[in-house]
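*Asks:* attaching a predicted model along with its sequence, questions to come.
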Amino acid sequence: MELTGEFEFGHEDRSRIYDHVERHGSIDPKRLRKALDIDPRGFGHHVAILKRDGVVEEVDGELRIAFEDADEEEFRADGVDCTIRQARQEDLTGLVGAIRDVAEEGTYIEAETVADVIDHEEVLLRHNELESRIFFVATVNDDVVGWVHLDVPEVGKLAHTAELTVGVLDEYRGRGIGNRLLDRGVDWADENGYEKIYNSIPATNQTAVDFLESNEWETEAVREDHYKVDGRHVDEVMLARRL
């Protein structure tokens, strides 16, 4: 299912099934049926229709939202074999760890917030009437070493925009992985009709500001003393790229 898909299911029970799966990320069908108190025959019928329509899928015995799976990109990055692909629910723990490692110095507040949200919700990909979010990850030997994330508000006046965060573990920087992740995120936003992507970074993270500006991002504004890091006020640099 495309992240920009409509929320029309043709039956209230199918809508309830979708909403419950979306909120939980991955759930056992028997547990789901009992939680929603739907008779077995009707439940099986509705799940079959949702599967047929590409809305949900069953992986390892659990139902999850069937997001459109983009192609994997495999490449050699300075002696390291790396893969960039759409993130899956089972990547959650590794992804949270990678984001926290990148953000732990207090130089990427927005990414730290993303890690807190997905860790709390225990759900990686979202698509509902209020918001959608998607991640692509860079992996080495199946370990997450970097990510690009897009968060899309479904509110009409902001639906043309997407917030992007991107990062790579320190030991894998300087190999071009960050550029490939950023390109994947920008391409996804462009292909899905978004007009503007944006990100906000503490002014102390000049490396990140320079990285984005070298990739056609522009500084739109600076909010003075917006953050407080280790007892010191820090400006917020607000960057964006128009597509």
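*Replies:* Nice, thanks for sending it over.
*Asks:* so for stretch 42-58, what gets flagged as buried?
*Replies:* By neighbour count on 16 or more other C-beta atoms under 10 Å, the buried set for stretch 42-58 is 43, 46-47, 49-50, 55-57. (Glycine included, C-beta is placed from N, CA and C.)
*Asks:* mind putting these into TSV with pLDDT, distance to residue 31 and secondary structure?
*Replies:* Shown next, in TSV, are the buried residues of stretch 42-58 (pLDDT from 0 to 100; distance: C-beta to C-beta, whole Å; DSSP: H, G, I helix; E, B strand; the rest coil):
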residue	pLDDT	distance to residue 31	secondary structure
43	96	12	helix
46	95	16	helix
47	95	13	helix
49	94	20	helix
50	93	16	helix
55	89	19	coil
56	91	15	strand
57	91	17	strand
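*Asks:* turn the residues you listed into a markdown table, including distance to residue 146.
*Replies:* Formatted as a markdown table, the buried residues of stretch 42-58 follow (distance: C-beta to C-beta, whole Å):
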| residue | distance to residue 146 |
| --- | --- |
| 43 | 39 |
| 46 | 38 |
| 47 | 35 |
| 49 | 37 |
| 50 | 33 |
| 55 | 30 |
| 56 | 29 |
| 57 | 26 |
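*Asks:* and the residues you listed, which two are furthest apart?
*Replies:* 43 and 57 (16.1 Å; C-beta to C-beta).
*Asks:* where do the strands sit along this structure?
*Replies:* 56-59, 62-65, 73-77, 80-86, 126-127, 131-140, 143-153, 161-168, 196-202, 218-229, 232-242 (DSSP state E).
*Asks:* from the contact counts, what lies against the first one?
*Replies:* To tie it back to what came earlier, the one meant is strand 56-59. For strand 56-59, the elements it packs on are helix 12-24, helix 40-52, strand 62-65, judged by 3 or more C-beta pairs under 8 Å, 6 or more residues apart in numbering; DSSP states H and E.
*Asks:* again, only using 7 Å
*Replies:* Judged by 3 or more C-beta pairs under 7 Å, 6 or more residues apart in numbering; DSSP states H and E, the packing partners of strand 56-59 are helix 40-52, strand 62-65.
*Asks:* can I get these in a markdown table with distance to residue 212?
*Replies:* Shown next, in a markdown table, are those (distance: least, C-beta to C-beta, whole Å):
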| stretch | distance to residue 212 |
| --- | --- |
| helix 40-52 | 39 |
| strand 62-65 | 30 |
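*Asks:* what are the buried residues along the lengthiest helix in the chain?
*Replies:* Taking DSSP state H as the criterion, the chain has its longest helix at helix 177-191. For helix 177-191, the buried set under the neighbour-count rule, 16+ other C-beta under 10 Å, comprises 177-178, 180-182, 184-186, 188-189.
*Asks:* thinking again about what came up before, least reliable of the helices and strands packed on strand 56-59 going by mean pLDDT?
*Replies:* Lowest mean pLDDT within those: strand 62-65, a mean of 92.
*Asks:* residues in contact with that strand: which ones?
*Replies:* Outside strand 62-65, the residues within contact range by C-beta atoms under 7 Å, 6 or more residues apart in numbering are 1, 21-22, 25-29, 32, 56-57, 89, 125, 127.
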